[in-house]
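1. my questions are about this predicted structure, shown below with the sequence.
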2 protein chains.
Amino acid sequence: MASDIEIARAATLRPIRDVAAGIGLAEAAIEPHGHHIAKLSAATLADLAARPAGKLILVTAVNPTPAGEGKTTTTIGLADALNRIGRRAVIALREPSLGPVFGRKGGATGGGQAQVLPMEKINLHFTGDFHAITAAHNLLAAMIDNAIHFATAMPSGATINPRTVTWRRVMDMNDRALRQIVAGMGTGNHPLRETGFDITVASEVMAILCLASDLADLQARLARIRVAKDTAGNPVTAGDIGAAGAMAALLVDAMQPNLVQTIHGSAALIHGGPFANIAHGCNSVIATSAALALGEFAVTEAGFGADLGAEKFAHIKCRQAGLAPAAAVVVATVRALKYHGGMALADLGTSDAAALDRGLAVLARHVENLQSLGLPVAVAINAFASDTEAEQAQVLRHCRGTLGIPAHLCRHWADGPAGAEDLARSVAALADANADPHARFTPLYASGTDVLEALTIVATRIHRAGTVTLSAAAQKQLASLRAEGLTNLPVCLAKTPYSFTADERQRGAVSGHDLPIRELRLAAGAGFIVALAGDIATMPGLPKQPSALGIHLDEQGRIEGLS
Amino acid sequence: MASDIEIARAATLRPIRDVAAGIGLAEAAIEPHGHHIAKLSAATLADLAARPAGKLILVTAVNPTPAGEGKTTTTIGLADALNRIGRRAVIALREPSLGPVFGRKGGATGGGQAQVLPMEKINLHFTGDFHAITAAHNLLAAMIDNAIHFATAMPSGATINPRTVTWRRVMDMNDRALRQIVAGMGTGNHPLRETGFDITVASEVMAILCLASDLADLQARLARIRVAKDTAGNPVTAGDIGAAGAMAALLVDAMQPNLVQTIHGSAALIHGGPFANIAHGCNSVIATSAALALGEFAVTEAGFGADLGAEKFAHIKCRQAGLAPAAAVVVATVRALKYHGGMALADLGTSDAAALDRGLAVLARHVENLQSLGLPVAVAINAFASDTEAEQAQVLRHCRGTLGIPAHLCRHWADGPAGAEDLARSVAALADANADPHARFTPLYASGTDVLEALTIVATRIHRAGTVTLSAAAQKQLASLRAEGLTNLPVCLAKTPYSFTADERQRGAVSGHDLPIRELRLAAGAGFIVALAGDIATMPGLPKQPSALGIHLDEQGRIEGLS
């Protein structure tokens, strides 16, 4: 069977100006980056903002498993299929991070016949947006330590208290050795202090870029970032440091969404990429809004399982941007459901109706969660060659019968657009029937709700926890935020995606558990408070055998080994 | 007077495809990055390699001073003027680093009427080459620590000895707090060890990208990088770690030179950018070779003063790439010469013939050094409004009379191409008269010379030191390199550019001093040994008032404050 990169290479790419023309954008409306990638120009974005919007389709999934689900693949396949049945759909996806590309997971451009192209460029650097975010983030870090070094006065007249600095550095890499460091060693290099690096996709600058409505909003949000306190106890922001303007200057180009194409010719905007486990997990508001202006449907995804990804998509992104999804798709595979039902990875080739049934409880819960947000839901069963017909029938029966929602076997990975046509018709029908998505969309907590209450609602109603326990440190942080009147922000839960609990080993539809919160981090520029659950790390490590080991240039200078 | 950014904005840029057409490149030969920047395609580079080469003109300068010299400005002005007199010239420059842009020095795109455009994009990110280098460098670092973490066996069967790791990390930022760090703190994050960050322009990966002839050479050089020793004492390379292929994959696009234009329409290839104080200081061999294939003249510069920049240009870049300059230009200003003559910065508006005369000894020495390499030399006096006619005449008289070489007042900063026409005619005449530059070019030491001998030759004959003293650490490193038979590589001196000595405060034509070498670093992939002199830092710090403080977006989203 052909590998993803072989299929990608065999595809004939259209010039990106032709892809743009296909969605009504003239050559002058885009800024080419090579012949197959373009950025939407600033003028185009301004034009699109004035157009009527199409309908927003959210693709999400059951909790991820090592068996694979195919959320991105299904997002692409669904859009390809919508276009095939004559309903213009534009894709809005996140950009890949180099961490997973060189680590374990691989790239993020879909697979099989449902890929966005050119896959090598999208997976490696793309148009440099993540590098710009990294540079802006680290410029602020350097300017903070420099202000401490020179004892520069903040607007209050006081200097920065080095022990209060919360702003870390970032790198778009899995590098566990940088999680916790002592910086500023050596004569003349002070301040000597403990700090560390997160992966770029966990940066507040990434979140800000993805949530900002325009450059003015971007610069204003950057200025609000909290980084430390001064010696008089006043908060110190990036604006106080004098860094927000230069950070914004570094991000001007990165604020423009990137246009590419799928193997089967659909237009895709790929822009921004906060991880869903440790950040809010959605592509940029600007790109989603542009896709809505350009298509009858904008098909987007929210990272990882629906509990973690779709929840933050609803309460953070949609609410800040005034968006309301018209329908949601939950992606599942027979294999993943059996894994959730307790089977070992090595045994997934075997049929086990009871295990599959236990896994269906996980699927049912995600469907119920999405319905509780006011979203019509369809299920996409991403078919694998190893599935039996009986297993597939068991899943379809459960969805259509017990849950009473549309469900379809999808074969876009193998067959391209035709393979997801049934799903496309169902999704279009759900969205067509949802005449006023804004009226129907029902967040689980109101804007302005106290963060502890919001956290408790999300934990109990989405993750089905019985209790939420704050560590002593988190309690102290909460008290400090409360004293400043800053607890009326939405919560951004950072948690393992593999379980409803904070323990990745607990599979299945667990409920009544305790959700332990070890730390709260204010993201004043992004406009939320990150709650770190369990031992979730904001800087991943490489596995023993990283994917990087298999990547090289062949004799023609082509990249081999990307997946 | 209009600022550089105001002049840059007022200029009308031609579409980059028209600039390409002007040097004989079809639209298919380039890959656009926006409408005013392009990369030369891989196929174009292969085509150009087969063409006859033009003549190479090196622009260098007296030791830099806070008064400013205008080396890049003169490189651009000279090429503009050559084109004006009908001699096709293509510029080959280095890319700017974000460190100086946000630190003290500002951008690196020239000034006044002699600028490369679009200045904001070139100074900020450009086409992402430096970010790619940063990522490739840091991927290797993460893979080294990961191999130690998992006790992965090297080809010898032994594991990496963590205490021997010499590979640091890099960031394209001035960030003194990262110079020296302890990484790997915290449970599960080992190895715990002392390390640090250099600025990206000091990375061996930067040097490799600038010296590699093609992608195959790139990948092979990356594999040769030395990073540590194993527990049995064997050297460990990036190839042994399994990182070279993935690093090369990250650098594929970065290996293609970037095409832009000057305000007055000359074509400029801007590619690569090792600092000249802490690295070898020249733009890429690929870009210089392409400029030679595309122009009658390729006009390039070597970083900082001629002692540090031109020396490494000759002994490292030219020798590795088989290049020979046909002529050299030394840029000086009356102000800089008076500063070298001992005047205080604040007094440079005053005439002082004796101080200027002492400064002329510095200029004379640089001219003599370049002549000793077999290069015909001209002097460019970059005119400032504050110069008196008597001062300018004193400099011209010294050059033309005492030194017997062409010298011209240049007004390209204010007047554009016409302002450097005299210089252009002289330089063209020197190059025309140099019928066989390869025969005339005479490196000061032969390839394969022992590095200590090479260092001594450079120190005594170029920097006019009386002695070279190796620290105990450097002596130990030398002994270790000698034991491995690796001392037959050229030396890459890392030293302050402000003085012939290792002490930046010692201005003027100092001689007979001691050059203290504190460390030797093998760069086996780049093919040289870095000798760190005095207290030169491979990671700069920000000044008390960094340039970043003055940069912001205006209400139209335009970048203000870049210089």
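-> Thanks, I have it.

2. drop to CA atoms for contacts and neighbour counts, all remaining ones
-> OK.

3. what's the helix or strand for residue A:343?
-> Following DSSP states H and E, there is no helix or strand that holds residue A:343.

4. is it true that it touches residue A:355?
-> Yes - if you go by C-alpha atoms under 8 Å, residue A:343 and residue A:355 touch, sitting 6.7 Å apart.

5. backbone phi and psi for the closest residue to chain B within the stretch 151-300 of chain A, please?
-> Residue nearest to chain B within the stretch 151-300 of chain A: residue A:245 (3.6 Å; C-alpha to the nearest C-alpha). When quoted as degrees, to the nearest 10, the phi and psi of residue A:245 stand at phi -70, psi -50.

6. residue ranges of the helices in the stretch 201-350 of chain A, please?
-> A:204-211, A:215-224, A:238-241, A:244-251, A:285-294, A:311-312, A:319-321, A:334-340 (DSSP state H, counting those that start in this stretch).

7. can you check the stretch 451-563 of chain A too?
-> Secondary structure of the stretch 451-563 of chain A by DSSP H, counting those that start in this stretch: the helices cover A:451-457, A:472-483.

8. check which residues of stretch A:453-466 are buried.
-> Buried residues in stretch A:453-466, counted by 16 or more other C-alpha atoms under 10 Å in any protein chain shown: A:454-460, A:462-465.

9. turn those residues into a markdown table, including distance to residue A:424 and pLDDT.
-> Shown next, in a markdown table, are the buried residues of stretch A:453-466 (distance: C-alpha to C-alpha, whole Å; pLDDT from 0 to 100):
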| residue | distance to residue A:424 | pLDDT |
| --- | --- | --- |
| A:454 | 34 | 98 |
| A:455 | 35 | 98 |
| A:456 | 36 | 98 |
| A:457 | 33 | 98 |
| A:458 | 30 | 98 |
| A:459 | 32 | 98 |
| A:460 | 33 | 98 |
| A:462 | 27 | 97 |
| A:463 | 29 | 97 |
| A:464 | 31 | 98 |
| A:465 | 34 | 98 |
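
10. now render the residues you listed as TSV, adding distance to residue B:376.
-> Listed next are the buried residues of stretch A:453-466 as TSV, based on distance: C-alpha to C-alpha, whole Å:
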residue	distance to residue B:376
A:454	75
A:455	74
A:456	78
A:457	78
A:458	76
A:459	76
A:460	80
A:462	77
A:463	76
A:464	80
A:465	80
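
11. which member of those residues is positioned nearest residue A:66?
-> The nearest member of the buried residues of stretch A:453-466 to residue A:66, counting by C-alpha to C-alpha, is residue A:463 at 20.5 Å.

12. touching, that closest one and residue A:307? I think so.
-> Yes - look at residue A:463 against residue A:307 with C-alpha under 8 Å: they come within range, at 6.3 Å.

13. where do the contact lists of the two overlap?
-> Both residue A:463 and residue A:307 are contacted by residue A:500, under the criterion C-alpha atoms under 8 Å, 6 or more residues apart in numbering or on different chains.

14. to residue B:381, which of the helices of the stretch 201-350 of chain A lies closest?
-> Across the helices of the stretch 201-350 of chain A, residue B:381 has its closest neighbour in helix A:244-251 (34.3 Å, C-alpha to C-alpha).

15. so that closest one versus helix A:215-224, what angle?
-> Here the directions of helix A:244-251 and helix A:215-224 differ by 130 degrees (axes from the mean of the first three to the mean of the last three C-alpha atoms, to 10 degrees).

16. per-residue confidence averaged over helix A:244-251?
-> Averaged across helix A:244-251, pLDDT comes to 98.

17. cool, thanks, signing off.
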